[in-house]
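**Q** after the sequence you'll find the predicted model.
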Amino acid sequence: MVFVLLGLGTFLIGAMAFAIDLSNLWFHRQSAQSAADAACTAGAMDLLSDKTNNIGAAPFPGNFAPGANFDCNTSTPNNANTNPAPCVFAALNGYPSSLSQATAAAGNLGDNVSVIFNGAPPPGVAAATIMEVDVTDNLPTFLAGMLLGKTSQSVRAIAKCGIDQIAAPIPLLVLDPLNPDSHHSAFDVQGSPDVTIYGGPQQSIQVNSVNSAAVNIGGSALVDLSQGGPATPPTGSNFGVQGGPTTPPTCSGGSGFCYGTTGQWVSPHSQILDPLQNVVSPTTSYNGTALTTYSATNSAGGFDTTSLPAGLSTLANGTGGCSITGAGNQCVVFQPGNYPQGICLGSSCGPGGNNAHAGLFVEGLYYIGGTGLTLNSNSCTRMSSATGPGSFRGWGGVVFYFSGSATLTVAANAGDPGSNNSCDSAVPYNTATGAPTGFGVSCDANSQTHAPANLPGTLTGNVLLGPCKGTWGDPYLAASLPVPANPGTQRGILFFQDRHAQAVVASAGGGGSYAMAGTFYFHSCSATSIDGTNGLGCSQPSGTYSTGQYFNNVLQMGGGSGTSSYILGEIIVDNLQLGGNGSIYMDLDPSSALNVYKAALYQ
């Protein structure tokens with residue numbers, strides 16, 4: 001009986017010993033995992049900063065080089081890092097890496113934290129961006145050690161993290177990280193324009209500038225986000241800015257900043273990477289075929305309706321989408337191609353009395369040189385109902401690529417229906433606006449149903465539509481389906497500025513109402529750091545603002561009194577200036593998605 005009781009007592013004591021030691025091990029295992037997660041998340045944020053800013057050489061954010069393994073123990077001979085972010089956060093969570101990996105493996109009491117870049121990446125993620133944090137904690141055993149003769153026990157925690165490329169809704173995005181300069185803020189609204197955002201993602205506007213005066217809403221200007229956001233009906237959306245001001249202008253008397261019941265002013269807000277940096281730049285050929293070159297009648301880029309280049313023609317008013325008063329009631333039908341002298345329509349486009357005042361644009365790519373696409377007073381631009389040639393057939397819209405310093409210039413009286421030689425009729429652009437697909441502002445057969453509710457049924461003024469299909473069309477929905485079965489729902493890039501160009505000022509105004517459906521992309525990137533096809537090597541400038549730096553293109557938008565300008569799509573620019581005293585409506589697509597990077601914890 002005594003032996004039975006002694007045996008039971010020993011068993012119970014052993015069970016209690018293991019219970020106590022296992023509880024202690026479990027507690028330390030949870031603590032080690034929390035530390036590993038925190039360290040890996042901190043490192044992933046620095047990897048995201050590397051990716052966002054295209055940093056390929058020291059000094060790196062977080063004080064560690066992506067892809068190079070390191071040990072957080074400061075006595076390790078090959079540890080060349082000083083206070084790496086993962087090590088700092090591991091220490092803050094109770095794991096200062098008191099041991100090297102070798103001494104930890106030998107069972108010495110203490111902990112080791114090491115960072116390894118050899119994990120298997122998820123699809124589409126570079127291996128160098130996958131980071132693993134290993135935490136090893138060697139603990140003393142107590143009662144269990146008396147029974148097993150083992151005085152220590154190791155617990156290990158592993159966290160894996162990295163950078164994912166995901167599709168996400170993109171707001172109106174202002175990329176310049178340093179502005180304002182001495183004249184304007186990165187997002188600058190002056191005068192008395194009413195700028196209204198309709199629909200779109202929960203965040204309508206993002207300004208990346210770190211300057212405390214990155215946003216300026218002056219005078220009696222109004223920025224109205226109360227009708228933005230994905231709710232039905234919309235109840236308000238957010239304005240994010242990296243710098244400031246930290247508090248928004250008040251919403252009072254039809255001016256200032258109004259954001260509805262669900263909107264917010266978010267400052268500081270982390271920067272958003274250029275979502276189009278992977279999009280290839282157009283060239284003077286497409287799908288292996290050189291674009292046809294069309295030379296303007298004069299050096300100013302003007303076209304004489306009596307002596308057009310071979311391959312271009314005219315249409316009479318009322319046919320094929322042509323709507324023009326005066327000027328012989330003719331429209332020039334422009335074909336996709338290379339225009340080394342640019343395209344100029346309207347008054348002051350060079351000598352001669354036969355300047356073309358109206359243009360119809362056939363679907364496809366327009367590679368523009370010279371001074372760019374210039375729409376002077378008394379001009380009118382619309383979409384042609386003709387089918388595009390070759391590879392452009394079925395695009396349903398146009399891309400204007402501005403080579404070098406060529407850019408977009410829309411003068412004050414462009415598209416003004418009240419003047420001579422201009423648009424003379426309203427366009428039902430929500431139903432079947434002149435594109436061969438027969439679609440309107442969205443790329444589906446139910447365009448009228450899917451169009452924003454604020455848009456009028458017809459429009460008197462300039463109307464241009466970005467492509468639904470093709471390289472620069474809808475990146476997710478238009479890849480393979482033929483027109484008109486279902487080419488996608490959103491329009492692609494309408495205006496694409498050469499990334500090598502610097503300090504280009506584009507303007508989109510007009511004396512009449514106009515609609516531009518598609519993405520405005522005006523981004524300046526260092527010519528020495530990009531490969532000529534995309535912006536992957538585009539490093540952000542640092543320090544103080546200078547006009548000699550990149551990220552310094554400007555898009556100016558405005559309108560005259562009583563006019564309404566409709567921008568339907570994404571706006572991705574270095575700096576944005578809004579002025580005049582008309583109404584500017586920006587309709588954002590809540591389903592619009594482009595590739596962006598985000599930090600992710602995988603394990």
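**A** Thanks, I have it.
**Q** when you work out contacts or count neighbours from here on, use the C-alpha atoms and nothing else.
**A** Fine.
**Q** now do His28, the pLDDT please.
**A** You'll see His28 listed with a pLDDT of 77.
**Q** list the residues that contact it.
**A** 137, 155 (C-alpha atoms under 8 Å, 6 or more residues apart in numbering).
**Q** what does the one 10 residues further on give?
**A** Contacts here follow C-alpha under 8 Å, 6+ apart; on that basis Ala38 touches 86, 89-90, 93.
**Q** helices along the protein, start to end?
**A** Using DSSP state H, the helices assigned to the chain run over residues 2-53, 85-92, 101-105, 143-148, 447-450.
**Q** ok, back up a step: just the closest of the contacts of Ala38 to Ile324, please.
**A** Nearest to Ile324 among the contacts of Ala38, counting by C-alpha to C-alpha, is Pro86 at 65.4 Å.
**Q** find the nearest non-adjacent residue to the closest one, please.
**A** In space, and not counting its chain neighbours, Pro86 is closest to Ala39: 4.1 Å by C-alpha to C-alpha, 6 or more residues apart in numbering.
**Q** now do Cys87
**A** In space, Cys87 is closest to Cys72, 5.5 Å off (C-alpha to C-alpha, 6+ apart).
**Q** can you tell me how far the one you found sits from Ala104?
**A** Using C-alpha to C-alpha, to the nearest Å, Cys72 is found at 12 Å from Ala104.
**Q** swap in Asn216?
**A** Relative to Ala104, and taking C-alpha to C-alpha, Asn216 is found at 56 Å.
**Q** now swap in Val241 and tell me
**A** In terms of C-alpha to C-alpha, Val241 sits 46 Å off from Ala104.
**Q** again with Asn581
**A** In terms of C-alpha to C-alpha, Asn581 sits 70 Å off from Ala104.
**Q** hmm, back to that, which residues does the residue nearest to Cys87 contact?
**A** 79, 84, 87, 96-97, 100, 112-115.
**Q** if we go to 7 Å?
**A** Counting by C-alpha atoms under 7 Å, 6 or more residues apart in numbering, Cys72 touches 87, 97, 113-114.
**Q** what's the answer for Val399, then?
**A** 364-366, 466-467, 493-495.
**Q** could you do Asn208 as well?
**A** 174-177, 241-242, 271-272.
**Q** tally of neighbours for the closest residue to Ala58 other than its chain neighbours?
**A** In this structure, Ala58 finds its nearest non-sequential neighbour in Ala65, 7.3 Å apart by C-alpha to C-alpha, 6+ apart. As a burial measure, Ala65 scores 21 neighbours (other C-alpha atoms under 10 Å).
**Q** what do you get for Thr374?
**A** Using other C-alpha under 10 Å: Thr374 sits among 24 other residues.
**Q** list the beta-bridge partners for it.
**A** Under DSSP bridges, the beta-bridge partners of Thr374 are Cys344, Thr409.
**Q** domain-wise, how is the chain divided?
**A** 2-167, 169-272+582-596, 294-539+549-569 (automatic domain parsing).
**Q** returning to what we had before: tell me the one of the contacts of Ala38 nearest Asn413?
**A** Pro86 (58.2 Å).
**Q** quick one: contacts of stretch 301-320?
**A** So stretch 301-320 is contacted by 294-297, 322-324, 329-335, 341-345, 349-350, 354-356, 384-385 (C-alpha under 7 Å, 6+ apart).
**Q** go on, stretch 228-243?
**A** 197-212, 214, 225-227, 259-271, 590.
**Q** low-confidence regions, the stretch 451-600 of the chain specifically.
**A** 451-453, 457, 475-489, 510-513, 526-537, 539, 542-548, 559-563, 589-596 (pLDDT under 70).
**Q** same question for the stretch 201-350 of the chain.
**A** Using pLDDT under 70, the flagged stretches of the stretch 201-350 of the chain are 326-328.
**Q** which stretches of it form strands?
**A** Chain-ordered strands for the stretch 201-350 of the chain, with DSSP state E, counting those that start in this stretch as the definition, fall at 203-207, 215-217, 222-224, 238-241, 251-252, 255-258, 265-266, 285-286, 289-290, 313-316, 330-334, 337-339, 343-345.
**Q** can you add mean neighbour count and distance to Asn378 and give these back as CSV?
**A** What follows is the strands of the stretch 201-350 of the chain, written out as CSV (neighbours: other C-alpha atoms under 10 Å; distance: least, C-alpha to C-alpha, whole Å):
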stretch, mean neighbour count, distance to Asn378
strand 203-207, 27, 33
strand 215-217, 22, 31
strand 222-224, 23, 29
strand 238-241, 24, 37
strand 251-252, 13, 37
strand 255-258, 22, 32
strand 265-266, 20, 41
strand 285-286, 14, 32
strand 289-290, 11, 33
strand 313-316, 17, 17
strand 330-334, 24, 13
strand 337-339, 22, 22
strand 343-345, 28, 8
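**Q** now distance to Ala411 too, for those, in a markdown table please.
**A** Shown next, in a markdown table, are the strands of the stretch 201-350 of the chain (distance: least, C-alpha to C-alpha, whole Å):
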| stretch | distance to Ala411 |
| --- | --- |
| strand 203-207 | 26 |
| strand 215-217 | 24 |
| strand 222-224 | 23 |
| strand 238-241 | 29 |
| strand 251-252 | 31 |
| strand 255-258 | 26 |
| strand 265-266 | 33 |
| strand 285-286 | 30 |
| strand 289-290 | 32 |
| strand 313-316 | 23 |
| strand 330-334 | 19 |
| strand 337-339 | 20 |
| strand 343-345 | 10 |
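**Q** Ala506: which of those is closest?
**A** strand 343-345 (14.6 Å).
**Q** could you say what helices and strands that closest one packs with?
**A** strand 372-375 (3 or more C-alpha pairs under 7 Å, 6 or more residues apart in numbering; DSSP states H and E).
**Q** and the contacts of the strand it packs on?
**A** 342-346, 402, 406-411, 414.
**Q** which one is Pro140 nearest to, not counting chain neighbours?
**A** In space, Pro140 is closest to Ser152, 4.2 Å off (C-alpha to C-alpha, 6+ apart).
**Q** ok, that neighbour - contacts?
**A** 107, 138-141 are the contacts of Ser152 under C-alpha under 7 Å, 6+ apart.
**Q** how about the strands in the stretch 501-603 of the chain?
**A** Going by DSSP E, counting those that start in this stretch, the stretch 501-603 of the chain shows strands at 505-508, 514-517, 519-522, 554-559, 564-568, 571-573, 575-580, 583-588, 594-601.
**Q** who wins for proximity to Pro248 among the ones you listed?
**A** strand 575-580 (17.2 Å).
**Q** now that closest one and strand 203-207, what's the angle there?
**A** 110 degrees (axes from the mean of the first three to the mean of the last three C-alpha atoms, to 10 degrees).
**Q** just checking, Phe392 touches Tyr366?
**A** No. The criterion here is C-alpha atoms under 7 Å, and Phe392 misses it with Tyr366 at 11.0 Å.
**Q** tell me which of the two has more neighbours.
**A** For Phe392 versus Tyr366, neighbours defined as other C-alpha under 10 Å are more numerous around Tyr366 (28 against 21).
**Q** tell me what that one is bridged to.
**A** The partner residues for Tyr366, given DSSP bridges, come to Gly337, Phe400.
**Q** for it, list the residues it contacts.
**A** So Tyr366 contacts 336-338, 399-401 (C-alpha under 7 Å, 6+ apart).
**Q** wait, which of these is closest to His500?
**A** The closest of the contacts of Tyr366, once distances to His500 are taken by C-alpha to C-alpha, is Tyr401, at 12.4 Å.
**Q** now the closest one: how far from Ser524?
**A** 14 Å.
**Q** report pLDDT for the residue lying closest to Ser154 once chain neighbours are set aside.
**A** Residue nearest to Ser154 in three dimensions, not counting chain neighbours: Asn138, with 4.3 Å by C-alpha to C-alpha, 6+ apart. If you check Asn138, the pLDDT there is 86.
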